[in-house]
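Asker: Sequence and predicted model, in that order:
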Amino acid sequence: MDKDFLSIHDLMPGDVEDILDLAANLKAMQESGVPHRYLEGKTLGMIFEKSSTRTRVSFEVGMYQLGGSALFLSSHDTQLGRGEPIRDTARVLSRYLDGIMIRTFAHETAVELAEWAGIPVINALTDLLHPCQVMADFLTLREHKGKDLSSLKVAFVGDGNNMANSYLYGAAKTGMTLVVATPKTHQPDKTVVKNALKDAKNTGASITLTTDPAEAVKDADVVVTDTWASMGQEAEHDKRKKIFAPYQVNTALMKKADRRAIVMHCLPAYRGEEITDEVFEANANVIFDEAENRLHAQKAIMTLLMG
């Protein structure tokens with residue numbers, strides 16, 4: 001794996017397997033009470049320009065369990081909030097820390113930070129990509145559907161957002177079948193689609209884009225959805241509800257999937273919008289396994305980059 005973890009597109013297929021294997025081992029060690037302080041004495045700086053529950057807690061607890069420490073840095077706590085160039089912040093923090101995690105708006109911010117930092121940078125979310133979440137999803141898929149991800153058909157239903165983009169990259173690296181169903185006006189990023197289709201040729205992955213959610217979920221092993229209005233899009237909420245109403249993951253839609261299909265959601269979930277309460281509760285064990293696995297997947301990423 002390279003110095004940084006910004007995008008699954010940057011990984012080799014073997015890197016994905018290494019992360020997932022290590023994550024599974026770290027989870028087993030944690031559950032068995034076996035110490036795994038692989039980052040003893042290391043410090044992670046956590047830059048948050050977007051707030052989060054799961055991201056902050058999972059990274060902070062993960063560093064603690066690995067024997068290191070985490071430092072929370074909001075835009076109010078740093079000179080970034082007052083206009084200091086990213087390249088200067090990157091070079092300063094590189095003198096103090098062993099790694100940086102950033103959760104921000106523009107993907108270019110994470111890319112520039114990594115370019116100028118002399119230490120590993122982890123993308124904890126940008127408007128373009130959410131690679132840590134998809135690695136956690138893939139760990140969950142291995143637990144519930146077996147280790148061979150290439151045997152699965154996954155349907156992503158809803159907004160062509162950072163999760164859809166990262167699923168495209170993840171599917172392309174693992175050889176799975178992925179069908180993404182979005183409105184024509186809210187499709188995944190065109191460059192991401194182009195890159196994913198190119199990667200898919202090397203792994204045998206099948207990637208399809210459609211506007212028909214029923215087509216996407218037909219015989220699917222896994223159905224994935226996400227909020228219709230991401231952080232920063234709150235003003236569009238009512239408009240988006242009308243656009244995405246046909247893309248709700250509900251009982252009628254799930255009847256078109258494989259009878260053993262599971263549903264995943266990265267949370268927070270807005271029941272009655274992108275997913276019904278009935279479908280959510282029927283898959284709650286999987287969804288909260290998925291949430292927990294942010295901790296283990298990120299511990300694996302940090303260990304491989306900072307260990």
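Answerer: Perfect, thanks for sending it.
Asker: Only C-alpha atoms from now on, for both contacts and neighbour counts.
Answerer: Fine.
Asker: how far away is Thr177 from Met163?
Answerer: Per C-alpha to C-alpha, to the nearest Å, Thr177 is found 16 Å from Met163.
Asker: out of those two, which sits in the more crowded spot?
Answerer: For Thr177 versus Met163, the count of surrounding residues by other C-alpha atoms under 10 Å is larger for Met163: 26 against 23.
Asker: Can you pull out the low-pLDDT segments for this structure?
Answerer: 81-82, 231-232 (pLDDT under 70).
Asker: Could you pull out the helices in it for me?
Answerer: For the chain, the helices defined by DSSP state H occupy 13-32, 54-65, 86-96, 107-116, 131-145, 162-174, 190-203, 213-217, 237-244, 251-254, 277-282, 284-306.
Asker: how much space is there between Lys218 and Pro246?
Answerer: Lys218 sits 16 Å away from Pro246, going by C-alpha to C-alpha.
Asker: Among the helices of the chain, show me which one is buried the most.
Answerer: helix 162-174 (a mean of 28; mean count of other C-alpha atoms under 10 Å).
Asker: That helix versus helix 131-145: what angle between them?
Answerer: 60 degrees (axes from the mean of the first three to the mean of the last three C-alpha atoms, to 10 degrees).
Asker: residues in contact with stretch 60-79?
Answerer: With contact meaning C-alpha atoms under 8 Å, 6 or more residues apart in numbering, stretch 60-79 is reached by 35-49, 59, 81, 89, 295-296, 298-299.
Asker: Buried by neighbour count, from the residues you listed: which ones?
Answerer: Listed as buried from the contacts of stretch 60-79 are 38-39, 42-49, 59, 89, 295-296, 298-299; burial here means 16 or more other C-alpha atoms under 10 Å.
Asker: do you know which of the helices of the chain lies nearest Ala261?
Answerer: With C-alpha to C-alpha as the criterion, Ala261 lies closest to helix 251-254 of these, at 8.0 Å.
Asker: what does stretch 153-165 contact?
Answerer: With C-alpha under 8 Å, 6+ apart as the contact definition, stretch 153-165 has outside contacts at 126-131, 133-134, 176-183, 186-189, 192-193, 213, 216-217, 219-228, 244, 247-249, 274.
Asker: what does stretch 269-278 give?
Answerer: Contacts of stretch 269-278 (C-alpha under 8 Å, 6+ apart): 158, 225-228, 241, 244-245, 247-251, 280.
Asker: Could you dump the residues you listed into CSV with distance to Ser75 added?
Answerer: Converted to CSV, the contacts of stretch 269-278 look like this (distance: C-alpha to C-alpha, whole Å):
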residue, distance to Ser75
Gly158, 30
Thr225, 29
Asp226, 26
Thr227, 24
Trp228, 26
Lys241, 30
Phe244, 32
Ala245, 35
Tyr247, 35
Gln248, 35
Val249, 35
Asn250, 38
Thr251, 42
Phe280, 34
